[in-house]
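K.L.:
return atomic coordinates for the entry below.
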Amino acid sequence: MTDLAKDADFRRRMQEGVAALTKDTWFHSIELRDGRLIPGVVSVEALRARINRFPIPRELSGKRVLDVGAATGWNSFELERRGAQVVAVDCVDLPEFRRACELLGSQVEYRTLDVDELTPESLGRFDYVLFFGVLYHLRHPLLGLERICALTQEAAFVESFVTDGDSCSLEFYESDELGGQLDNWCGPTTKCLEALCRSAGFARVQLEYSEQNRAGLSCHRRWEPCSAATTAGPWLCSVVNNRTLEPRFRPPKDEYMCLYLRSEEPLDRSQIRIEVDGYGVPVLMLTSDGSSGWQANAKLPPGLDAGPHEVRIRTANSGFSQSFCITVGDVVEQPQATAQEGAGPAPIWVAAENTLDRSNVFRGYKAEYLSCRFLSDEAGLQTGDVVLELDGRMQPILVLANLGNGEWQINAVLPGGWSQGRHEVRVRTMRGRFSEPAEIFYEPANAGLIQHAN
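P.N.:
Numbers count the residues shown, from 1 in each chain. The predicted structure is shown next:
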């Protein structure tokens, strides 16, 4: 593998290209409708050969396409020719792009924006996104790919300089080490480029080619179709924020989804397919409780609007689970149930226990939560439909989980300053009476921790 940051010939060729652009040479060659050619640094043949290596549909009527780093605009004009409504962006306003638009009679919308400025709010969302020759110019490549993912509804096509090699690594260039250019910031290996795209939120990443220090990837937002489900899907109990244990997320915080599920079949991380509103989400970690209980962790996908979103899960060969609703951003609080009892049946206790050791004894540890499992005939319960009382006082509920077969679970944070000894817990649903009390005990482990100074 050649170290291009130290390769004199690579630096010379890079600088020759830069010099040509300073002399009014266009970057992309452009074919005019009358057959004339405006020559550029990159030939039409090379441009056509590159775009044809990606599975971009030949017919794009009714589709919206974004071309990031459009340069002279050959790719933008080609996708417009295929019928797409195209938005082209670059970090500087290039007169050659505008001149090419004029000569071709193009309707491509042209915007001057940095990658950091690309948001669904400023541009909308696109069926397909081209991201050719941009990544290694970014100081924050993973953040840039997350922004691209947030804009993409079907697939993004990523082309980049790669270093290359067998490792999953990225070189960082502090100044002009790569080709004598001040904006060449990084050089990933092909494996690293694939990993970056998955980490950015794309469900499936397909390597199209890797050669001569360039690589091309097709990055899909959705999982492959399940042709025939051979087993039932897992049972999705709940989805919570890894930090707060609530089903609420607050971008741009770096929060992760914890999915709790049940499956009698053995599960493998490579076979798990999580969806949020139909967008696929890569699984980062899958753990088992030793029986039928599982936990899958995943990053919240980028670009979700504020409000409710539906999460579901399947395996590569199963149907989908039922959906679980999470919320993103600040939302209007729903009315909560009151302590006044209804006339319906009371829930039946399964257990009231400590989430750390599943006993009914609490020690005052930071990671302790009260978990209450009960049976109820009511269907479709939401968090606001359940009341939890501790010694006659209502306690806020973090999350309600549907465990299946009429069994439900609520988790709650215990209050500070509660007294040592025995306590009573009761639960009820919106329409029902309170359950019989369940016993829990508070025996603080650090009762003697605070000492008086002499």
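
K.L.:
can you give me the strands in the stretch 251-400 of the chain?
P.N.:
256-262, 272-276, 279-281, 283-288, 293-299, 307-315, 324-328, 348-354, 361-362, 370-375, 386-390, 393-394, 397-404 (DSSP state E, counting those that start in this stretch).

K.L.:
buried set for the first one?
P.N.:
This means strand 256-262. 257, 258, 259, 260, 261, 262 (16 or more other C-beta atoms under 10 Å). Where C-beta positions appear, they are placed from N, C-alpha and C, glycine not excepted.

K.L.:
residue 41: which element?
P.N.:
strand 40-42 (DSSP states H and E).

K.L.:
show me what residue 38 is bridged to.
P.N.:
With DSSP bridges as the criterion, the beta-bridge partners of residue 38 are residue 30.

K.L.:
quick check, it in contact with residue 44.
P.N.:
No - in this structure, residue 38 is not within contact of residue 44 by C-beta atoms under 8 Å, at 9.8 Å.

K.L.:
so what are the domain limits for the chain?
P.N.:
The record's domain split for the chain, according to automatic domain parsing, is 4-220, 235-328, 348-442.

K.L.:
residue 229 is nearest to which of those domains?
P.N.:
Residue 229 lies closest, by C-beta to C-beta, to one member of the domains of the chain: domain 235-328, at 4.2 Å.

K.L.:
okay, and the common contacts of residue 38 and residue 44?
P.N.:
Residues touching both residue 38 and residue 44 (C-beta atoms under 8 Å, 6 or more residues apart in numbering) are 29, 30.

K.L.:
for the domains of the chain, give me a markdown table that also has distance to residue 229 and mean pLDDT.
P.N.:
Output for these, formatted as a markdown table (distance: least, C-beta to C-beta, whole Å; pLDDT from 0 to 100):
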| stretch | distance to residue 229 | mean pLDDT |
| --- | --- | --- |
| domain 4-220 | 18 | 92 |
| domain 235-328 | 4 | 94 |
| domain 348-442 | 19 | 93 |
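
K.L.:
could you dump these to a markdown table with distance to residue 341?
P.N.:
Shown next, in a markdown table, are the domains of the chain (distance: least, C-beta to C-beta, whole Å):
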| stretch | distance to residue 341 |
| --- | --- |
| domain 4-220 | 46 |
| domain 235-328 | 26 |
| domain 348-442 | 5 |
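
K.L.:
out of the ones you listed, flag the one nearest residue 227.
P.N.:
domain 235-328 (9.1 Å).

K.L.:
got the end-to-end distance for that closest one?
P.N.:
23 Å (C-alpha to C-alpha, to the nearest Å).

K.L.:
and stretch 313-329, by the same measure?
P.N.:
Terminal-residue distance, stretch 313-329 (C-alpha to C-alpha): 22 Å.

K.L.:
again with stretch 107-122
P.N.:
19 Å.

K.L.:
and the one residue sitting closest to the centre of the chain, how far from residue 124?
P.N.:
By C-alpha atoms, centre = their mean, the chain has its centre lying nearest to residue 301, at 1.9 Å. For residue 301, the distance to residue 124 (C-beta to C-beta, to the nearest Å) stands at 17 Å.
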